[in-house]
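Trainee: Let's see this in three dimensions:
(one chain, ligands or ions: 1)
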Amino acid sequence: MDRNADPLVEVENVSKWFDMSQGVVDRLMGREPTPVKAVDDVSFTINEGDIMGIAGESGCGKTTLGKLLVQLHEPTKGSIKFDGDDITEMSNDDEQEFRKRVQMIFQDPFESLNPRMTVFQSVVEPLRINDMYGGYSERRERVIEVLNEVGLSPAEAYLNEFPKELSGGELQRVAIARALVVNPDFVVCDEPVSMLDVSIRAGVLNLMKELQDEYGLTYVFISHDLSLIRYMCDRTAIMYLGDVIEQGPTDDVVMDPKHPYTEALFDAVPEVDPEAERHRANVTGEVPNPRNPPSGCRFHPRCSKIIPPEGWTGSQPAFRRAFQFKRQVVTEQLGPDDADTSAETAAGRAADELLEHGLALELPEEHQSASETGTTVDPRQLDLPNDAEQTLREAAERVVSGDYDAAREVLDGEFETVCAREHPDLRTAGDQITACHLYEGERKETRKAPSADD
Ligand SMILES: Nc1ncnc2c1ncn2[C@@H]1O[C@H](COP(=O)(O)OP(=O)(O)OP(=O)(O)O)[C@@H](O)[C@H]1O
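Mentor: Numbering: from 1, shown residues only. Next up, the predicted model:
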């Protein structure tokens with residue numbers, strides 16, 4: 001990574017929303033259509049010569065972001081500049097030049113190569129489309145050169161093979177050759193080795209590193225495999241539900257994560273640091289539906305570090321539980337069935353049971369509180385302020401009697417947090433840039449696209 005390198009790709013406030021059409025339910029209810037916000041208001045810069053990793057769980061928007069970078073998707077909002085020019089406003093000539101300079105390698109080489117084309121036909125096609133390397137013999141020479149470079153040698157032995165005659169590793173090398181034959185500057189690799197046998201992955205990755213030097217490439221590596229990201233990438237952006245929530249030098253992001261989601265993500269992957277103590281992530285629940293993402297910070301419903309309001313006199317973990325209780329009541333996930341409401345049980349006891357159940361977080365054992373069994377917890381052990389406990393109990397009583405509206409009324413305005421109210425700005429935290437309210441006091445990133453030289 002060259003610290004003085006120029007920016008090659010500048011992503012500014014880019015969003016990609018899918019499926020903007022109104023569904024039947026939306027139409028009947030007279031509602032606006034609800035798009036899937038696959039990528040939402042993302043900004044970052046990739047410098048020349050960088051290998052930038054994009055990591056995150058399945059469905060967080062990595063592939064969509066990758067396709068935006070190579071213009072296989074048009075952004076719904078925002079701008080993407082390549083070498084200073086906005087790629088959404090290119091003339092035909094500029095677009096042809098862009099298509100040469102920018103390539104993408106996909107996860108599945110079986111799908112990305114035409115089964116009816118020989119290796120030669122697949123690799124020579126981009127030269128023909130872009131009218132490069134003169135006539136047949138120059139193009140054949142170039143194809144042979146690039147096949148040898150990607151380790152398919154002697155290249156002549158591969159020229160007339162069809163995809164079905166090759167192994168997964170050989171096929172991915174053909175796909176790499178097809179991308180590199182036009183001498184690109186920027187290559188987006190989407191899970192390039194995840195379909196390959198584990199035993200040959202390192203070989204393909206090392207080849208890609210060598211080719212970076214040879215071709216002077218700038219790469220984006222998209223992967224859910226954090227050890228791959230760590231091995232390959234100088235800088236890493238972590239995505240959650242369409243948002244880039246942390247970005248910075250890979251070693252800092254891995255060893256000293258700033259965003260609670262990044263921390264949880266790396267906690268769940270002990271092999272990233274084999275020396276590290278093995279433990280499980282302190283997060284609750286599943287990734288929400290991207291059609292209806294949470295307000296404020298999208299991670300807040302699962303976050304272990306959710307911020308209590310000013311004036312909260314209990315502990316932060318107690319606030320986290322009270323907040324979860326409220327959410328479950330408001331969304332009617334917690335109901336009378338979660339307590340014993342049989343005739344023999346006094347209503348007060350049923351409300352206590354509901355509280356014990358609703359304040360438990362179903363966390364891995366190491367993150368549970370002393371009195372927690374996994375599905376219940378004793379509220380008196382939680383350092384909840386008396387008035388908060390009283391409010392929660394009152395709400396629990398209403399739920400037990402099946403009156404959610406009354407329960408919501410009791411909880412209205414209680415257990416509020418900035419994390420649910422406001423989307424966090426990008427802030428500098430250590431060597432990283434992160435979108436988390438915990439860093440409110442830090443320097444705000446006023447530049448549109450934080451750069452790799454920070
Ligand atoms: N063409 C499309 N139309 C509608 N929704 C889409 C489309 N492409 C992606 N999505 C949705 O956008 C969200 C992000 O998808 P994307 O494939 O970018 O995520 P990802 O992080 O690459 O996931 P994975 O690792 O599983 O490939 C998902 O909810 C997905 O269902």
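Trainee: Ignoring the adjacent residues along the chain, who's closest to the residue of the stretch 201-350 of the chain found nearest the ligand?
Mentor: The minimum distance from the stretch 201-350 of the chain to the ligand, using Cβ to the nearest ligand atom, falls at P290 (4.4 Å). The C-beta positions use only the backbone N, C-alpha and C, and glycine is treated the same way. Nearest non-adjacent residue to P290, counting by Cβ to Cβ, 6 or more residues apart in numbering: V36, 5.0 Å away.
Trainee: How much space separates that neighbour from I46?
Mentor: 25 Å (Cβ to Cβ, to the nearest Å).
Trainee: Repeat that for S369.
Mentor: From S369 across to I46, the span is 43 Å (Cβ to Cβ).
Trainee: For those two, work out which one has more neighbours and name it.
Mentor: I46 (27 against 18; other Cβ atoms under 10 Å).
Trainee: near the ligand, which residues of this protein?
Mentor: 18-19, 36, 38, 56, 58-64, 224, 290 (Cβ under 6 Å from any ligand atom).
Trainee: just the helices in the stretch 251-400 of the chain please.
Mentor: Ranges of helices within the stretch 251-400 of the chain are 260-267, 316-330, 347-358, 386-400, based on DSSP state H, counting those that start in this stretch.
Trainee: ranking the ones you listed by burial, who's on top?
Mentor: Across the helices of the stretch 251-400 of the chain, the average number of neighbours (mean count of other Cβ atoms under 10 Å) peaks for helix 260-267, which reaches a mean of 23.
Trainee: Residues contacting that one, please?
Mentor: 55-57, 226, 238, 240, 245-246, 253-254, 257, 272, 279-283, 299, 302-305, 434, 436, 438 (Cβ atoms under 8 Å, 6 or more residues apart in numbering).
Trainee: Export only the CA atoms of stretch 119-128, formatted as CSV.
Mentor: C-alpha atoms of stretch 119-128 as CSV (Å, rounded to 0.1, in the frame of the first residue of the first chain):
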residue,chain,number,x,y,z
VAL,A,119,-10.8,-21.5,-22.9
PHE,A,120,-9.4,-19.6,-25.9
GLN,A,121,-12.8,-18.2,-26.9
SER,A,122,-13.6,-17.1,-23.4
VAL,A,123,-10.3,-15.3,-22.8
VAL,A,124,-10.0,-13.8,-26.3
GLU,A,125,-13.6,-12.4,-26.2
PRO,A,126,-12.8,-9.2,-24.2
LEU,A,127,-10.0,-8.5,-26.6
ARG,A,128,-12.4,-8.7,-29.5
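Trainee: who's in contact with the residue lying closest to S153 once chain neighbours are set aside?
Mentor: In this structure, S153 finds its nearest non-sequential neighbour in L147, 7.0 Å apart by Cβ to Cβ, 6+ apart. By Cβ under 8 Å, 6+ apart, L147 lies in contact with V119, V123, S153, A155, Y158, L159, V174, A177.
Trainee: Quick check: the gap between T376 and the ligand.
Mentor: From T376 across to the ligand, the span is 34 Å (Cβ to the nearest ligand atom, to the nearest Å).
Trainee: Any figure for the gap between the residue lying closest to that residue once chain neighbours are set aside and F323?
Mentor: Spatial nearest neighbour of T376, excluding adjacent residues (Cβ to Cβ, 6+ apart): E356 at 4.3 Å. To F323, E356 is 17 Å away according to Cβ to Cβ.
Trainee: E165 now?
Mentor: Distance of E165 to F323, given as Cβ to Cβ: 58 Å.
Trainee: Same check on H73?
Mentor: H73 sits at a distance of 36 Å from F323 (criterion: Cβ to Cβ).
Trainee: I'd like to know how many residues surround the spatially closest residue to V254 that is not a sequence neighbour.
Mentor: Counting by Cβ to Cβ, 6+ apart, V254 lies nearest to R230, which is 5.5 Å off, once chain neighbours are set aside. For R230, the tally of surrounding residues (other Cβ under 10 Å) stands at 21.
Trainee: R230 touches V253, doesn't it?
Mentor: No: under the criterion of Cβ atoms under 8 Å, R230 makes no contact with V253, lying 9.0 Å away.
Trainee: host element of E416?
Mentor: Under DSSP states H and E, no helix or strand contains E416.
Trainee: List the contacts of the residue nearest to it when sequence neighbours are not counted.
Mentor: Nearest residue to E416, sequence neighbours excluded (Cβ to Cβ, 6+ apart): P309, at 5.3 Å. P309 makes contact with F415, E416, T417, V418, according to Cβ under 8 Å, 6+ apart.
Trainee: Looking at strand pairing, list the partners for S223.
Mentor: Note on S223: beta-bridge partners by DSSP bridges are A55.
Trainee: May I have the residues that are in contact with it?
Mentor: Going by Cβ under 8 Å, 6+ apart, the list of residues near S223 reads G53, I54, A55, K62, E191, S194, I229.
Trainee: what's the closest of those residues to the ligand?
Mentor: K62 (3.6 Å).
Trainee: Count the neighbours of the closest residue to the closest one other than its chain neighbours for me.
Mentor: Distance criterion Cβ to Cβ, 6+ apart; nearest residue to K62, sequence neighbours excluded, is I222 at 4.6 Å. By other Cβ under 10 Å, the residues close to I222 number 28.
Trainee: so how far is G296 from I222?
Mentor: 27 Å.
Trainee: what's the domain layout of this structure?
Mentor: The record's domain parsing of the chain by automatic domain parsing lists 7-271, 316-416.
Trainee: Lowest average pLDDT across those domains?
Mentor: Lowest mean pLDDT of the domains of the chain: domain 316-416, a mean of 84.
Trainee: Between the two ends of that domain, how far is it?
Mentor: 13 Å (Cα to Cα, to the nearest Å).
Trainee: Please convert the buried members of the contacts of helix 260-267 into ChimeraX selection syntax.
Mentor: Of these, the buried ones go into a single ChimeraX selection, burial set by 16 or more other Cβ atoms under 10 Å:
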select :55,56,57,226,238,240,245,246,253,254,257,272,281,282,283,299,302,303,304,305,434,436,438
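Trainee: So which of the contacts of helix 260-267 are in strands?
Mentor: Mapping the contacts of helix 260-267 onto strands (DSSP state E) picks out A55, I238, Y240, I245, E246, T434.
Trainee: Thanks again, I'm all set now.
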